[in-house]
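Enquirer: Would you be able to build a 3D model of this:
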Amino acid sequence: MSNPARVSEIFSSIQGEGYLAGRRQIFIRLDECNLDCRYCDTVYESGASCQVETAPGSGVLHALPQPPGADALVRLVGEWCHRLPGAHHSISVTGGEPLLQAETLGEWLPELRRILPIHLETNGTLHAELGRVIDSIDYISMDMKLPSTAGCGRELWEAHRRFLEVAVQRQVSVKVVIGQDTPLDEIGRVCAIMTAVEPTTPLFLQPLSNPAGGVDVTAAQILRLQETAAALLPDVRVIPQMHKMLGAL
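Expert: This is a model prediction of the structure:
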(Lines give C-alpha, C1' and ligand atoms only; values in the text may rest on other atoms or scores of the structure.)
Protein backbone atom coordinates (compact mmCIF):
# COMPACT_ATOMS: atom_id res chain seq x y z
CA MET A 1 0.00 0.00 0.00
CA SER A 2 1.37 3.39 -0.96
CA ASN A 3 -1.20 6.20 -0.68
CA PRO A 4 -0.38 8.49 2.27
CA ALA A 5 -2.93 10.08 4.60
CA ARG A 6 -2.52 12.55 7.40
CA VAL A 7 -3.59 10.87 10.65
CA SER A 8 -3.82 12.97 13.80
CA GLU A 9 -4.44 10.24 16.40
CA ILE A 10 -4.62 6.47 16.87
CA PHE A 11 -6.00 5.19 20.18
CA SER A 12 -8.21 2.56 21.82
CA SER A 13 -11.33 3.67 23.66
CA ILE A 14 -15.06 3.27 24.21
CA GLN A 15 -17.34 4.57 21.48
CA GLY A 16 -19.42 7.23 23.18
CA GLU A 17 -21.89 8.14 20.44
CA GLY A 18 -24.62 6.61 18.32
CA TYR A 19 -25.38 3.06 17.24
CA LEU A 20 -22.18 1.48 18.57
CA ALA A 21 -22.09 3.42 21.85
CA GLY A 22 -20.52 1.29 24.55
CA ARG A 23 -18.43 -0.78 22.14
CA ARG A 24 -14.66 -0.61 22.41
CA GLN A 25 -12.96 0.42 19.19
CA ILE A 26 -9.60 1.29 17.73
CA PHE A 27 -9.92 4.90 16.60
CA ILE A 28 -8.05 6.23 13.58
CA ARG A 29 -8.61 9.99 13.44
CA LEU A 30 -7.76 11.66 10.16
CA ASP A 31 -6.88 15.34 9.71
CA GLU A 32 -8.88 17.95 7.80
CA CYS A 33 -12.56 18.80 7.59
CA ASN A 34 -14.75 20.54 5.03
CA LEU A 35 -16.99 22.10 7.71
CA ASP A 36 -16.46 24.37 10.70
CA CYS A 37 -19.06 23.48 13.33
CA ARG A 38 -19.39 25.65 16.42
CA TYR A 39 -19.41 22.71 18.80
CA CYS A 40 -16.46 20.84 17.28
CA ASP A 41 -14.11 19.58 20.00
CA THR A 42 -11.30 18.47 17.68
CA VAL A 43 -8.26 20.66 17.00
CA TYR A 44 -7.04 20.43 13.41
CA GLU A 45 -3.45 21.48 13.25
CA SER A 46 -1.46 19.74 10.55
CA GLY A 47 1.69 19.03 12.48
CA ALA A 48 4.73 16.94 11.75
CA SER A 49 3.61 14.02 13.90
CA CYS A 50 0.74 11.62 14.55
CA GLN A 51 -0.17 10.91 18.19
CA VAL A 52 -0.40 7.17 18.95
CA GLU A 53 -1.09 5.42 22.26
CA THR A 54 1.95 3.64 23.65
CA ALA A 55 -0.38 0.74 24.52
CA PRO A 56 -4.10 0.31 23.78
CA GLY A 57 -6.13 2.08 26.44
CA SER A 58 -3.12 3.55 28.23
CA GLY A 59 -4.07 7.15 27.47
CA VAL A 60 -0.37 7.88 27.00
CA LEU A 61 0.46 9.19 23.55
CA HIS A 62 3.72 9.36 21.67
CA ALA A 63 4.54 10.97 18.36
CA LEU A 64 5.16 9.20 15.06
CA PRO A 65 6.22 10.98 11.86
CA GLN A 66 3.57 12.06 9.34
CA PRO A 67 2.18 10.49 7.31
CA PRO A 68 2.13 7.11 9.05
CA GLY A 69 2.86 4.24 6.68
CA ALA A 70 -0.16 2.16 5.75
CA ASP A 71 1.63 -1.13 6.37
CA ALA A 72 2.74 0.08 9.79
CA LEU A 73 -0.84 1.07 10.61
CA VAL A 74 -2.15 -2.38 9.72
CA ARG A 75 0.59 -3.97 11.85
CA LEU A 76 -0.28 -1.74 14.79
CA VAL A 77 -3.97 -2.63 14.68
CA GLY A 78 -3.10 -6.30 14.38
CA GLU A 79 -0.74 -6.10 17.36
CA TRP A 80 -3.34 -4.40 19.54
CA CYS A 81 -5.93 -7.04 18.69
CA HIS A 82 -3.42 -9.79 19.45
CA ARG A 83 -2.53 -8.14 22.76
CA LEU A 84 -6.18 -7.75 23.79
CA PRO A 85 -8.08 -10.60 22.10
CA GLY A 86 -11.79 -9.92 21.81
CA ALA A 87 -11.58 -6.48 23.40
CA HIS A 88 -12.25 -4.45 20.26
CA HIS A 89 -15.49 -4.60 18.33
CA SER A 90 -14.40 -2.57 15.31
CA ILE A 91 -12.18 0.16 13.87
CA SER A 92 -13.65 3.65 13.92
CA VAL A 93 -12.36 5.83 11.09
CA THR A 94 -13.13 9.36 12.19
CA GLY A 95 -11.96 12.93 11.84
CA GLY A 96 -12.20 15.64 10.79
CA GLU A 97 -13.95 14.32 7.75
CA PRO A 98 -12.39 11.00 6.69
CA LEU A 99 -13.97 11.03 3.23
CA LEU A 100 -11.79 13.98 2.24
CA GLN A 101 -9.12 11.27 1.94
CA ALA A 102 -11.32 8.75 0.13
CA GLU A 103 -8.59 7.76 -2.32
CA THR A 104 -6.37 6.61 0.52
CA LEU A 105 -9.25 4.94 2.36
CA GLY A 106 -10.03 2.96 -0.77
CA GLU A 107 -6.61 1.38 -0.41
CA TRP A 108 -6.43 1.09 3.39
CA LEU A 109 -9.88 -0.11 4.39
CA PRO A 110 -9.88 -3.54 2.69
CA GLU A 111 -6.69 -4.43 4.58
CA LEU A 112 -7.91 -3.08 7.91
CA ARG A 113 -11.23 -4.83 7.45
CA ARG A 114 -9.42 -8.17 7.38
CA ILE A 115 -8.72 -7.53 11.08
CA LEU A 116 -11.93 -5.86 12.34
CA PRO A 117 -15.16 -4.42 10.92
CA ILE A 118 -14.99 -0.79 9.78
CA HIS A 119 -17.10 1.97 11.34
CA LEU A 120 -17.09 5.29 9.47
CA GLU A 121 -17.89 8.49 11.39
CA THR A 122 -18.74 11.26 8.94
CA ASN A 123 -20.45 14.62 8.65
CA GLY A 124 -22.64 13.15 5.93
CA THR A 125 -21.95 15.62 3.12
CA LEU A 126 -19.66 13.82 0.63
CA HIS A 127 -21.88 11.27 -1.07
CA ALA A 128 -19.68 10.67 -4.13
CA GLU A 129 -16.65 9.94 -1.96
CA LEU A 130 -18.70 7.54 0.16
CA GLY A 131 -19.70 5.66 -2.98
CA ARG A 132 -16.03 5.04 -3.75
CA VAL A 133 -15.32 3.24 -0.46
CA ILE A 134 -18.67 1.88 0.75
CA ASP A 135 -17.86 -1.71 -0.21
CA SER A 136 -15.19 -1.71 2.52
CA ILE A 137 -17.41 -0.27 5.28
CA ASP A 138 -19.69 -2.11 7.71
CA TYR A 139 -21.21 0.69 9.82
CA ILE A 140 -21.81 4.36 9.03
CA SER A 141 -22.54 7.01 11.63
CA MET A 142 -23.56 10.12 9.71
CA ASP A 143 -24.28 13.52 11.13
CA MET A 144 -27.02 15.83 9.99
CA LYS A 145 -25.90 19.33 10.87
CA LEU A 146 -28.59 21.48 12.43
CA PRO A 147 -28.26 25.23 11.79
CA SER A 148 -29.19 25.91 15.44
CA THR A 149 -26.17 24.03 16.82
CA ALA A 150 -23.62 23.53 14.04
CA GLY A 151 -23.74 27.04 12.60
CA CYS A 152 -21.86 25.98 9.47
CA GLY A 153 -22.95 29.08 7.57
CA ARG A 154 -25.10 27.19 5.09
CA GLU A 155 -27.87 24.63 5.11
CA LEU A 156 -26.82 21.08 4.24
CA TRP A 157 -30.18 19.33 3.91
CA GLU A 158 -29.78 18.35 0.26
CA ALA A 159 -26.21 17.12 0.80
CA HIS A 160 -27.42 15.00 3.73
CA ARG A 161 -30.26 13.52 1.70
CA ARG A 162 -27.95 12.50 -1.14
CA PHE A 163 -25.47 11.04 1.34
CA LEU A 164 -28.12 8.98 3.12
CA GLU A 165 -29.31 7.57 -0.21
CA VAL A 166 -25.84 6.04 -0.64
CA ALA A 167 -25.28 5.15 3.02
CA VAL A 168 -28.37 2.92 3.32
CA GLN A 169 -26.41 0.21 1.52
CA ARG A 170 -24.80 -0.41 4.91
CA GLN A 171 -25.84 -0.36 8.58
CA VAL A 172 -26.30 3.40 8.88
CA SER A 173 -27.50 5.60 11.70
CA VAL A 174 -28.05 9.35 11.85
CA LYS A 175 -26.87 11.62 14.66
CA VAL A 176 -27.96 15.21 15.32
CA VAL A 177 -26.48 17.45 17.99
CA ILE A 178 -29.32 19.25 19.77
CA GLY A 179 -29.20 22.40 21.86
CA GLN A 180 -31.43 24.38 24.15
CA ASP A 181 -32.52 26.56 21.24
CA THR A 182 -33.01 23.81 18.64
CA PRO A 183 -36.43 24.40 17.04
CA LEU A 184 -38.90 21.62 16.34
CA ASP A 185 -38.89 22.36 12.62
CA GLU A 186 -35.22 21.36 12.33
CA ILE A 187 -36.00 17.96 13.81
CA GLY A 188 -38.95 17.76 11.43
CA ARG A 189 -36.67 18.34 8.43
CA VAL A 190 -34.29 15.61 9.61
CA CYS A 191 -37.19 13.18 9.98
CA ALA A 192 -38.61 14.11 6.58
CA ILE A 193 -35.32 13.27 4.87
CA MET A 194 -35.01 9.98 6.73
CA THR A 195 -38.63 9.04 6.03
CA ALA A 196 -38.17 9.69 2.32
CA VAL A 197 -34.99 7.60 2.10
CA GLU A 198 -35.33 4.85 4.74
CA PRO A 199 -37.60 5.46 7.76
CA THR A 200 -36.24 2.53 9.80
CA THR A 201 -32.80 4.20 10.07
CA PRO A 202 -32.03 4.86 13.76
CA LEU A 203 -31.91 8.53 14.79
CA PHE A 204 -29.75 9.59 17.72
CA LEU A 205 -30.31 12.91 19.48
CA GLN A 206 -27.06 14.00 21.11
CA PRO A 207 -27.35 16.88 23.61
CA LEU A 208 -24.61 19.50 23.44
CA SER A 209 -21.79 18.71 25.85
CA ASN A 210 -20.08 21.18 28.13
CA PRO A 211 -16.36 21.18 29.07
CA ALA A 212 -17.10 19.29 32.30
CA GLY A 213 -18.60 16.36 30.40
CA GLY A 214 -22.21 17.17 31.22
CA VAL A 215 -24.90 18.51 28.92
CA ASP A 216 -26.12 22.05 28.35
CA VAL A 217 -29.68 21.10 27.39
CA THR A 218 -32.54 20.75 29.86
CA ALA A 219 -34.39 17.48 30.22
CA ALA A 220 -37.60 19.23 29.21
CA GLN A 221 -36.08 20.38 25.90
CA ILE A 222 -34.58 16.94 25.21
CA LEU A 223 -37.94 15.28 25.79
CA ARG A 224 -39.74 17.83 23.59
CA LEU A 225 -37.39 17.15 20.68
CA GLN A 226 -37.58 13.40 21.26
CA GLU A 227 -41.37 13.51 21.19
CA THR A 228 -41.33 15.36 17.87
CA ALA A 229 -38.96 12.84 16.26
CA ALA A 230 -40.64 9.77 17.76
CA ALA A 231 -43.96 10.78 16.22
CA LEU A 232 -42.34 10.57 12.79
CA LEU A 233 -39.73 7.79 13.05
CA PRO A 234 -39.84 4.34 14.72
CA ASP A 235 -36.33 4.33 16.22
CA VAL A 236 -35.31 7.50 18.10
CA ARG A 237 -32.78 7.43 20.94
CA VAL A 238 -31.14 10.03 23.18
CA ILE A 239 -27.46 9.44 23.99
CA PRO A 240 -25.03 12.07 25.34
CA GLN A 241 -21.31 11.79 24.65
CA MET A 242 -20.58 8.90 27.03
CA HIS A 243 -16.81 8.88 26.50
CA LYS A 244 -16.64 12.41 27.96
CA MET A 245 -18.59 11.30 31.01
CA LEU A 246 -16.15 8.41 31.42
CA GLY A 247 -13.13 10.68 31.02
CA ALA A 248 -11.92 8.52 28.13
CA LEU A 249 -10.12 9.58 24.97
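Enquirer: from the middle of its chain, how far away would stretch 197-206 be?
Expert: When distances are taken as C-alpha atoms, centre = their mean, to the nearest Å, stretch 197-206 is centred 15 Å away from the chain's centroid.
Enquirer: May I see the buried residues of it?
Expert: 197, 201-206 (16 or more other C-beta atoms under 10 Å). All C-beta spots, glycine's among them, are computed from the backbone N, C-alpha and C.
Enquirer: now stretch 22-31
Expert: 24-31.
Enquirer: tell me which of those is nearest to P117?
Expert: Taking C-beta to C-beta as the measure, P117 lies nearest Q25 of the buried residues of stretch 22-31, at 9.6 Å.
Enquirer: Phi, psi for the spatially most central residue of the chain please.
Expert: Most central in the chain under C-alpha atoms, centre = their mean is E121, positioned 2.5 Å from the mean C-alpha point. Main-chain torsions, E121, degrees, to the nearest 10: phi -110, psi 120.
Enquirer: Roughly how far does it sit from M142?
Expert: 8 Å (C-beta to C-beta, to the nearest Å).
Enquirer: The residue nearest to the centre of the chain and T94 touch, don't they?
Expert: Yes. Using C-beta atoms under 8 Å, E121 is in contact with T94, at 4.0 Å.
Enquirer: Can you work out which residues contact both of the two?
Expert: The overlap between the contact sets of E121 and T94 (C-beta atoms under 8 Å, 6 or more residues apart in numbering) is empty.
Enquirer: if we can go back for a sec, can you pull up the bridge partners for the residue nearest to the centre of the chain?
Expert: The bridge-partner assignment for E121, based on DSSP bridges, gives S141.
Enquirer: Can you point out the buried residues in the lowest-mean-pLDDT helix or strand in the chain?
Expert: Lowest mean confidence among the helices and strands of the chain (mean pLDDT, DSSP states H and E): helix 242-246, at a mean of 79. Going by neighbour count (16+ other C-beta under 10 Å), the buried part of helix 242-246 is 243-244.
Enquirer: which residues sit against it?
Expert: By C-beta under 8 Å, 6+ apart, helix 242-246 touches 13-17, 21-22, 209, 213-214, 249.
Enquirer: ok now it, how far from the chain's centre?
Expert: With C-alpha atoms, centre = their mean, you get 15 Å for helix 242-246.
Enquirer: Ramachandran angles for Q51?
Expert: phi -90, psi 120.
Enquirer: Confirm for me that I239 is in contact with L203.
Expert: No. Using C-beta under 8 Å, I239 is not in contact with L203; the gap is 10.8 Å.
Enquirer: does I26 really touch W80, like I thought?
Expert: Yes. Under the criterion of C-beta under 8 Å, I26 makes contact with W80 at 6.1 Å.
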